[in-house]
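# give me the fold of what follows.
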Amino acid sequence: SLSNLRSATRNELPRNGIFGAMCASREKAGEADENNAEAKEAATAAAAKAEKARIKKLKKEEGRRRAIELSTQRRRQQNEKEAENNNSNESISAKRLSTRHGARNQHRHKFFAKWLLETFPFLKSS
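Next up is the predicted model:
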């Protein structure tokens, strides 16, 4: 029986007595380690998610702040240009600050005028 115990593997040993208690405590420790590892992973994942949300919120606030800053800067520049234009004797069209160039409906009006002349040729003479 002693030779059987020596040749047996760890899993095949009987689980009673002191040896059984030691094995049971090791198994519980292993399960506790696994539970701790899972809890740590969950906590790490939750912390990462919270950090990501915090960064997203900060970026959103920074974007809003920057948009307001640009808006006030643009308004200030426009007011300065208007003040300069009011001091000088420039035309009214030069006073306004526009980001566009050219007529917005130029092509539509051109094609409409062509259609009018083709459809009503007597308009050409007047």
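# got a list of what K124 touches?
L117 (CB atoms under 8 Å, 6 or more residues apart in numbering). Glycine gets a C-beta too; all of them are placed from N, C-alpha and C.
# and it, what pLDDT?
You'll see K124 listed with a pLDDT of 81.
# go on, Q106?
85.
# check the burial of it by counting its neighbours.
If you count neighbours by other CB atoms under 10 Å, Q106 ends up with 9.
# ok, now the one 3 residues further on?
A total of 11 residues lie near H109 under the criterion other CB under 10 Å.
# now it. Nearest residue, chain neighbours left out?
In space, and not counting its chain neighbours, H109 is closest to A103: 7.5 Å by CB to CB, 6 or more residues apart in numbering.
# and what about that neighbour, helix, strand or coil?
coil (DSSP: H, G, I helix; E, B strand; the rest coil).
# quick one: mean pLDDT for the longest helix along the chain?
When the chain is parsed with DSSP state H, its longest helix is helix 17-87. Per-residue pLDDT values over helix 17-87 give a mean of 82.
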